[in-house]
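J.: Could you work out the structure for the sequence below:
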Amino acid sequence: MFTSFIEKRIKTSGTEIYLRMGGAGPPLLLLHGYPQTHVIWHKIAPALAEHFTVILPDLRGYGDSGKPESDSAHTPYSKRAMAQDMVEVMAALGFERFKLVGHDRGARVAHRLARDHAARVEKLAVLDIAPTLHMYDATDMRFASAYYHWFFLIQPKGFPEKLIGDDPAFYLRTKLTAWGRTSSAITPEAHAEYLRCFERPETIHATCEDYRASAGIDLEHDRESTEKLAMPLLALWGAAGFVGSAYDVLATWREVAKDVRGQAVPGGHYLPEEAPDETLAALLEFL
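T.: Numbers count the residues shown, from 1 in each chain. Model (predicted):
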């Protein structure tokens, strides 16, 4: 899937990050979401690499990146810690300033990175999310039903891990099917990679920690961040997905950023896999 990309492992102050890198030109960092890996970008990364140096990491806790020990506040899996990894990775590659795109959890890491390291981010694109604080504050029955995993995964250590670990293949297949709207979008090769990484007990635990952090320490950080982002922000969402039907996506992002534009693209949650052509076109026009 990434024949023209090289593989690297970079140690950060908190863990080790696995990534693929390809192309030439200005640096572009792409961050994946749950329960996937950098492989979600495989349909559009080669085309982006014709214009940019494309960096595709696995977030800490995911894929082939490190899974550091957590603590009672879930600090090692805060979006602040995960964003710090990415800043250190880009610096190690020689990039002090870059364009940034995130999907799902990766978009939440990207949002925090843009807040904590604003001078490093030229442009920010967030795919199929509304801001975390807004989504929690606006929780209702519809949201809790569609995003039940936000409340399941934050339960005390050991409980969701045990239930998911009993049949991780079933859980992964169910999640990918529920959020997508295009049955053939996730290729067998991509699915096999997601399962290879997700079925590991350490990945299941680390990804639960990601969500536990989002329901606690991440909200504290978000409430402390009152200044609006200044860099241009693009929001994309699936036309048939939950986010676009439940929120005025552009309005929610205008609560936290000054320069916001965006649109829906066909399909559900997995934009780079369900609508690669439309997602690529929107990203290229913005970036």
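
J.: Let's check: the centremost residue of the protein is which one?
T.: For the chain, the residue nearest the mean C-alpha position is G106 (1.7 Å; C-alpha atoms, centre = their mean).

J.: hmm, who's touching stretch 4-21?
T.: 2, 22-23, 38, 45-46, 49, 53-58, 60, 63-68, 76, 81, 84-86, 88-89, 92-93 (C-beta atoms under 8 Å, 6 or more residues apart in numbering). C-beta here means a position set from N, CA and C on the backbone, and glycine is covered the same way.

J.: Neighbour count says what about those residues? Which are buried?
T.: Buried members of the contacts of stretch 4-21, scored by 16 or more other C-beta atoms under 10 Å, are 2, 22-23, 38, 45-46, 49, 53-58, 60, 63-68, 76, 81, 84-86, 88-89, 93.

J.: so how far is L195 from the residue lying farthest from the centre of the chain?
T.: Most distant from the centre of the chain: D166, at 25.3 Å, with distances by C-alpha atoms, centre = their mean. Counting by C-beta to C-beta, to the nearest Å, the separation of D166 from L195 is 15 Å.

J.: can you check L29 too?
T.: For L29, the distance to L195 equals 25 Å [C-beta to C-beta].

J.: same question, S145
T.: For S145, the distance to L195 - C-beta to C-beta - is 26 Å.

J.: didn't the residue nearest to the centre of the chain look like it was pressed against L31?
T.: Yes: between G106 and L31 there is a contact under C-beta atoms under 8 Å: 2.9 Å.

J.: Mind listing the shared neighbours of those two?
T.: Counting by C-beta under 8 Å, 6+ apart, the common neighbours of G106 and L31 are L59.

J.: just to revisit the earlier point, check what contacts the helix or strand in which the residue nearest to the centre of the chain is found and list those residues.
T.: Following DSSP states H and E, one finds G106 within helix 105-116. For helix 105-116, contacts defined as C-beta under 8 Å, 6+ apart pick out 30-34, 59, 78-80, 82-84, 86-87, 100-102, 120-121, 124-129, 131-132, 210, 214, 218, 221, 225, 229, 231, 256.

J.: again, but for stretch 94-101
T.: Contacts for stretch 94-101 (C-beta under 8 Å, 6+ apart): 26-31, 52-53, 55, 90, 110, 113-114, 119-127, 283, 287.

J.: ChimeraX command to pick out the buried ones of those residues?
T.: To isolate the buried ones among the contacts of stretch 94-101 in ChimeraX, judged by 16+ other C-beta under 10 Å, type:
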select :27,28,29,30,31,52,53,55,90,110,113,114,120,121,123,124,125,126,127,283,287
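
J.: Mark which of the contacts of stretch 94-101 are part of helices, please.
T.: 90, 110, 113-114, 283 (DSSP state H).

J.: nearest to D277, of these?
T.: Lowest distance from D277 to those (C-beta to C-beta) belongs to L283, with 11.0 Å.

J.: can you tell me which residues contact the closest one?
T.: Here L283 is in contact with 44, 48, 101, 125, 234, 236 (C-beta under 8 Å, 6+ apart).

J.: Max pairwise distance over the ones in helices among the contacts of stretch 94-101: which two?
T.: Farthest apart among those - using C-beta to C-beta - are M90 and L283, which lie 18.2 Å from each other.

J.: What ranges does the stretch 51-200 of the chain have for its helices?
T.: 79-92, 105-116, 132-137, 141-146, 149-152, 159-166, 168-179, 188-198 (DSSP state H, counting those that start in this stretch).

J.: In a markdown table, list those helices along with distance to F242 and mean pLDDT.
T.: As requested, the helices of the stretch 51-200 of the chain are exported to a markdown table (distance: least, C-beta to C-beta, whole Å; pLDDT from 0 to 100):
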| stretch | distance to F242 | mean pLDDT |
| --- | --- | --- |
| helix 79-92 | 21 | 98 |
| helix 105-116 | 15 | 98 |
| helix 132-137 | 10 | 96 |
| helix 141-146 | 5 | 95 |
| helix 149-152 | 12 | 97 |
| helix 159-166 | 21 | 98 |
| helix 168-179 | 8 | 96 |
| helix 188-198 | 20 | 98 |
